[in-house]
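J.: Output the structure for:
(chains A, B and C)
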Amino acid sequence: MKGVEVTVEQVSRAYGDFKALDNVSVQIKKGEFFSLLGPSGCGKTTLLRIIAGFDYPDNGKVEFDGKDILPLAPDKRQSNTVFQTYALFPHLTVYENIAFPLRLKHVDKEEIDKKVKEYVHLVQLDDHITKKPSMLSGGQKQRVAIARALINEPRVLLLDEPLSALDAKLRQNLLVELDELHDKVGITFIYVTHDQSEALSVSDRIAVMNKGKVLQIGTPYEIYEAPATRFVAQFIGESNTFPCTVLSCEPYENEFMIKVDVPMLGGTVSVTDYDALEVGSKLDFTVRPEKVRITSTPPRSTNKELNTYKGIVDEPVYSGFQSKFYVRLDNEQKSIVKVFKQHTAFLDDGPEIDWRDTVYVSWTATDGYLVKDTDR
Amino acid sequence: MNYHTYSKKSSVSFSYTVLALTIVFLFIPLFVVVFFSFNSAKGMQWQGASLIWYEKLIFDSPSLWAAFKNSLIIALTSSLTATMLGTLAAIGIKWYRFHGKSYITTISYLPMVLPEVIIGISMLIFFSAVKIRLGMFTIFVAHTTFNLPFVFMMVSARLDEFDYSTVEAARDLGANERQTLTKVIIPSVIPAILSGFLMCITMSLEDFVITFFVSGPGSGTLPLYVYSMIRYGVSPVINALSFVMILGTMVIAFTFRRFLKTVAASS
Amino acid sequence: MRKLLKPREREQMLGTAYAFPMGIWFTLFFTIPLGIIVLYSFLKRGLYGGVEWEFTLDAYKQMFNPSFGRVVIRTLWISVLATLGCILIAIPCGYAMAKSKYQTVLLFLIIIPFWTNSLIRIYAWISILSTEGFVNSLLIKLGLIDQGLKLIYNNGAVVLVLIYMYLPFAILPLFTTIDKFDFSLLDAARDLGASKLEAIIKVMFPNIKSGLSTAFIFTFIPIFGAYTVPLLVGGKDSTMIGNIIVDQVSKTRNWPLASAFSMVLTFISLVGVFWMLYNGKREQMQSKKTTQQSLEQNIKKHHLIRGEK
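T.: Numbering: from 1, shown residues only, chains lettered A, B, ... in the order given. As a prediction, the model looks like this:
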């Protein structure tokens, strides 16, 4: 059982005036765990349904290993789907649900029994085969849905927000199981989700989508550390984002050191980037809150490109493993900078910072980045 | 009025009293009829227990049994037709968009909300306009028409709870359109289909007004027979018949509940 | 050649295949008959029943004949009285049922008489109310009266039996809406200073409006079109519109007039249904239901209990 390569080329789909997909192209490698990530209404589910055969694009191509699959009905495609609502057949037992595809093919009884047991075992449901779906927990239903989708030995498994109906703890466990399952069966997984942490933790690559367009495709690391647009930066993790104008751009080691004017911070900021940028371009400056340091005294500048601002703690939020600080800067705009401070050692995090304390927030030039604002 | 007091019990006990009285009000007529069906005399004066009216009902009422046979034939045929058409339409309307959908949906509710007299009169005038002789066939048509909305509605209600992804899942797993219908959709909504069917049977057996308009000579149903008994010469046989019919309704109601439970448990 | 139809075409094909048999049935046996009635109401009366193909408003003019006018007015007041009776009884019943632990049993008790053949139920009332009936025999036996009272064949008997026949139609929708009502709202109102009655009137009633309007329509429409009850327990002065229609068809054989009266009944029923929908719709403004959905919902609310419980 091996995965296929899935090619989506310039696919568009509109419902009346609403463009669900706008010229989307994605190339998914054989055996890859690929996620489509975006807010609801971004088109990710439409794309999945087109690949599965439940929807049809207005134009564009969808290919499995270079073969056009659009003319094929869902039952003729080498893909199977795990539905958001599981879509288990309520009148059939777990066993019969999983055996359903084989029964349709008139596979002989012993063969069905052998295979169903194998897949039941794969998803660890051995004790539940005689139960009806209504007697299963959410997590168990999920597993039945996965086993049922896999028994046909598809070459692509399409997962439509499969964990969204489960509670947070269970979600984490199932996510790990899903990852292990992917390694075991070795086929291509296409995973649709709106939850960035799910996507980051299991995917080989992610396509971030918004308003029917693919904004960025990359590994979780690339997506988080080098977001391509303001939307990606804000949708994945948290960030401080401010509009800025490029003042200067000089080579710096193997990158460029760029100085930008950030009116909301009330000054200039140094930031490094791989690409040279034209002076005067309007961009967004972004820095992740966990990369900002917060201190009660001005930081000792070991790095000449350290950006430091003074402000007052507007709101401290303690949440165990970390504290979040909303720092109101001491400038005309009174802009807010979010800072996340990890508590890595007991009572050893330096002086305690409290509400209304005067603090200094700082970050190095390499920790910030500049993004295009495609929404503007 | 203890209604104004702040005691929590007062209004509950007020409403409970009304409810209790209402239930008594609903049952008294039935009890009176049943009670006097065992009276040996004709009137409403108790003269001692007897089963004479039951004997007459069973052994001495051939035209009643003929009417009952007509009722059964019509109930079965019209309920079957209505169940088939209504179920299919409910599936089509729930999941697909097509020309004429809103017309069919609207029209399928109207027979339920219009007074029975209107349905009866319009059918009578229609049949005589197109020169169809009144008889068993016209009763069958009329009953199917007033039964259809109920099947349609009950199956639709069941489909509302049914996840369309299940249909897509069946297609995805290799079922074609026909297999999806017979192996997934119908088994899932079978409780609603059966309860719709049984409801049609009871409504068909009980209808008087519409049948009254569209029946012809020799096609009298049981309710029509009851009507003529009430209208032209009350005989206590009708008391006995009432008890049998009340019993019949209850038996249908209970078995159909039990039946539904077993169906629901096994599905 | 594409084996997979595009979604729109596939929907069109399947929807048509599934729904058209019923669509055709209703067109043939409901829409066309109703259309014929509309048409006939504007035609001239035939000599021996039937119609002549000549446009006229005679039928509608005849409706203003004072003897018919009296019937219309009587139909209205009897219907309003019986409907109000049903609803006034149904509100506390629905409330008690919603609060009760034995909902299933109570529902069954309400529904069993309702499932009994309607003629049998009317017959039961005749045997209770008639001059030699149950009530009179009982009263005579107890020595309270010497001669049978005239309890039947008058408008009072019609209203009583109509209430009896249609009471479950009012109880069931009210029960379902009250059952869904969040009773903690009443406690909240009490907490904020309302008396028990004020809480019920100011907080519960506005929230069960759709149930009230459904109950009203589902009792008013069939009562307004009643035929059997006034015929069997009413007197000479108890005729209602339903009886006129039947008489015009079967006795006088004035089809246009029967059609015109049918139009009036249909019109009033439809106005009632749309009023109910409007009320239901206002209540569900936030959930953005379409008219169709709220119609379905209102009807289901009422009838499903009848069918499934």
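J.: Could you pull out the strands in the stretch 51-200 of chain C for me?
T.: For the stretch 51-200 of chain C, the strands defined by DSSP state E, counting those that start in this stretch cover C:51-55.
J.: Repeat that for the stretch 101-250 of chain A.
T.: Residue ranges of the strands in the stretch 101-250 of chain A, as given by DSSP E, counting those that start in this stretch, are A:156-160, A:188-193, A:205-210, A:213-218, A:240-252.
J.: Just checking: what are the partner strands of the last one?
T.: Just to be clear, that refers to strand A:240-252. If you go by DSSP bridges, strand A:240-252 pairs up with strand A:255-262 (antiparallel), strand A:282-287 (antiparallel).
J.: can you redo these as CSV with mean pLDDT, distance to residue B:18 and mean neighbour count?
T.: For glycine as for every other residue, the C-beta is placed from the backbone atoms N, C-alpha and C. Compiled in CSV, those are given as follows (pLDDT from 0 to 100; distance: least, C-beta to C-beta, whole Å; neighbours: other C-beta atoms under 10 Å in any protein chain shown):
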stretch, mean pLDDT, distance to residue B:18, mean neighbour count
strand A:255-262, 91, 73, 20
strand A:282-287, 91, 68, 20
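J.: Pull out the buried residues from the helix or strand residue C:35 falls within.
T.: Taking DSSP states H and E as the definition, residue C:35 sits inside helix C:32-40. Counting neighbours by 16 or more other C-beta atoms under 10 Å in any protein chain shown, one finds that the buried residues in helix C:32-40 are C:33, C:34, C:36, C:37, C:39, C:40.
J.: These: which ones sit near chain A?
T.: The overlap between the buried residues of helix C:32-40 and the neighbours of chain A (C-beta under 8 Å from any C-beta of the partner chain) is empty.
J.: Please produce JSON lines containing these, extended by pLDDT.
T.: Formatted as JSON lines, the buried residues of helix C:32-40 follow (pLDDT from 0 to 100):
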{"residue": "C:33", "pLDDT": "94"}
{"residue": "C:34", "pLDDT": "93"}
{"residue": "C:36", "pLDDT": "92"}
{"residue": "C:37", "pLDDT": "91"}
{"residue": "C:39", "pLDDT": "92"}
{"residue": "C:40", "pLDDT": "90"}
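J.: Out of those residues, which is nearest to chain B?
T.: Within these, proximity to chain B (C-beta to the nearest C-beta) peaks at residue C:33, which comes in at 3.6 Å.
J.: related to what we said a few turns ago, any chance of a markdown table for the strands paired with strand A:240-252, columns distance to residue C:275?
T.: As requested, the strands paired with strand A:240-252 are exported to a markdown table (distance: least, C-beta to C-beta, whole Å):
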| stretch | distance to residue C:275 |
| --- | --- |
| strand A:255-262 | 61 |
| strand A:282-287 | 56 |
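J.: Ok, which of these comes nearest residue A:152?
T.: Among the strands paired with strand A:240-252, the nearest to residue A:152 by C-beta to C-beta is strand A:282-287 (44.4 Å).
J.: OK, contacts around residue B:147?
T.: Shown in contact with residue B:147 (C-beta atoms under 8 Å, 6 or more residues apart in numbering or on different chains): B:78, B:79, B:82, B:86, B:199, B:200, B:203, B:204.
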